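K.L.:
predicted structure and sequence below. I'll ask about it afterward.
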Amino acid sequence: MRGSEGEDGNMPHAYSSNRIHIVFSTKYREPVISHEFQPKLWAYLAGIARKIGMQSVVVGGIDNHVHVFALLPATLTLARAAQLLKGNSSKWINDQGYAGERFSWQEGYGAFSVSASQTPEVVRYVQNQAEHHKQRSFEQEFISLLTRYGINHDADQALG
């Protein structure tokens, strides 16, 4: 019995569940993403995600960093997704003049896999960034995420 395999014995489709929480900051973590501009940037990042084949779950952040929580398709590498999100959004920000002189993102990023059962918790976390950062800086948050996900790091190198 062949089940759902194709005639050649191979699976006809690639199936994946890659929920990825990507975090990246502005260059030098400068607070250049104004409160008024944030909804436009979050929507633009969600649009980039959609265009490259990702399903955006939630996008948010504050004046110096962004969280993109999305489903990564099997056909797209994480590194390429981060590159496209950051590159396309920084070009758009500069073209629109939304962040002053010359905008750029910090070189690196953090990416964390999320199980289906953690999805509601991560959505709430991203949606509540403004409140969350009344208590904790981006640097503290990022180091905490690295630690929580068991990623070995040097704090100085992790923050660039």
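P.N.:
In hand now; what should we look at? Residues are numbered from 1 along each chain as shown.
K.L.:
just the strands in this structure please.
P.N.:
19-25, 55-62, 65-71, 110-114 (DSSP state E).
K.L.:
spatially nearest residue to Leu85 (excluding sequence neighbours)?
P.N.:
Spatial nearest neighbour of Leu85, excluding adjacent residues (Cβ to Cβ, 6 or more residues apart in numbering): Ile48 at 5.5 Å. Any C-beta I mention is one placed from the backbone N, CA and C, and that applies to glycine too.
K.L.:
what's the spacing between the one you found and Gln118?
P.N.:
From Ile48 across to Gln118, the span is 24 Å (Cβ to Cβ, to the nearest Å).
K.L.:
OK, contacts around the residue nearest to Leu85?
P.N.:
Leu84, Leu85, Asn88, Ser89 (Cβ atoms under 8 Å, 6 or more residues apart in numbering).
K.L.:
wait, the second one sits on Ile22?
P.N.:
Spelled out, it's Leu85. Yes - using Cβ atoms under 8 Å, Leu85 is in contact with Ile22, at 7.0 Å.
K.L.:
between the two, which contacts overlap?
P.N.:
Going by Cβ under 8 Å, 6+ apart, residues that sit against Leu85 and also against Ile22 are Val68.
K.L.:
where in the chain is the helix or strand with the lowest mean pLDDT?
P.N.:
helix 155-158 (a mean of 60; mean pLDDT, DSSP states H and E).
K.L.:
before we move on, back to that, and the gap between the residue nearest to Leu85 and Val32?
P.N.:
In terms of Cβ to Cβ, Ile48 sits 19 Å off from Val32.
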